[in-house]
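Enquirer: quick check, what structure comes out for this input:
(chains A and B)
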Amino acid sequence: QVQLQESGPGLVNPSETLSLTCTVSRGSISHSYWTWVRQPAGKGLEWIGRFYPGDTHYNPSLKSRVTMSIDASMNQFSLRLTSVTAADTAVYFCATYAPGSDAFGIWGRGTGVTVSS
Amino acid sequence: QSVLTQPPSLSGAPGQRVTISCTGSSSNIGAGYDVHWYQQLPGAAPKLLIYANNNRPSGVPDRFSGSNSGTSAALAITGLQADDEAQYYCQSYDTSLSGVVFGGGTKLTVL
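Expert: Numbers count the residues shown, from 1 in each chain, chains lettered A, B, ... in the order given. So this is what the prediction gives:
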């Protein structure tokens, strides 16, 4: 089955842009919906957004700062979050739907991001 | 404050039955949007436990079941086991927010 692996810088300065990548293996990135979810330490899950060409939706609370995209040639899915603050410190997960459902059936292990100078 | 409300914590003894509630509103569960449930062990990614209200993915024991009624949903766990100790989240879609919403999570402790 499809496997997901997040990667990113780990540490980002306040006001800068966070860029994360989700590499898809054992499957194609095409013709699927891709999602980012984040989780601050000790807190709950927050949906960041969902990407599909022509059908992309972002969390309204983050919409002005978020961009998602895919690189089909690399089988990768990316997240850009601009103007980060300490409130963006979290573990970031990429995920995709389970077959025949809009539930998140496949998750990456997550990558931790700390916003600090 | 989460759009979907869950009790912060619950506990039960081995072998018992516990139910985790997820209370929404007319713009999410009450509007007929599916509810999904996830189990998250410490340091791990969430794992899909129940999808589309009451369906179990392959490999999830039938001790786990989901149900809906009106603006609420529930996850029932029977025959509680020590390795059921985890955080549980419900998830749905909210038409007012135009996006996916999660419950705040419930920490289940097996006594």
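Enquirer: check which helix or strand covers the most centrally placed residue in chain A.
Expert: The residue lying closest to the centre of chain A (Cα atoms, centre = their mean) is A:Trp36, at 3.0 Å. Per DSSP states H and E, A:Trp36 falls inside strand A:34-39.
Enquirer: I'd assumed A:Ser32 was in contact with A:Cys94.
Expert: No. A:Cys94 lies out of contact with A:Ser32 (Cβ atoms under 8 Å); the separation is 11.5 Å. For glycine as for every other residue, the C-beta is placed from the backbone atoms N, C-alpha and C.
Enquirer: give me the buried positions along the strand holding A:Trp36.
Expert: A:Trp34, A:Thr35, A:Trp36, A:Val37, A:Arg38, A:Gln39 (16 or more other Cβ atoms under 10 Å in any protein chain shown).
Enquirer: count the neighbours of A:Tyr58 for me.
Expert: By the criterion of other Cβ atoms under 10 Å in any protein chain shown, A:Tyr58 has 20 neighbours.
Enquirer: who does it form a beta bridge with?
Expert: For A:Tyr58, the beta-bridge assignment (DSSP bridges) gives partners A:Gly49.
Enquirer: can you list the residues of chain A near chain B?
Expert: With the criterion set to Cβ under 8 Å from any Cβ of the partner chain, chain A comes near chain B through A:35, A:37, A:44-47, A:49-50, A:57-60, A:93, A:98, A:101-105, A:107-110.
Enquirer: what strand or helix carries the closest residue to B:Val60 other than its chain neighbours?
Expert: Sequence neighbours aside, B:Leu49 is the residue nearest to B:Val60 in space, at 5.8 Å (criterion: Cβ to Cβ, 6 or more residues apart in numbering or on different chains). Using DSSP H and E, the element containing B:Leu49 is strand B:47-50.
Enquirer: neighbouring strands - and their directions - for that strand?
Expert: For strand B:47-50, pairing defined by DSSP bridges yields strand B:36-40 (antiparallel).
Enquirer: quick revisit: please check the residues of chain A next to chain B and keep the buried ones.
Expert: Here, 16+ other Cβ under 10 Å leaves A:35, A:37, A:44-47, A:49-50, A:57-59, A:93, A:98, A:102-105, A:107-108, A:110 buried among the residues of chain A next to chain B.
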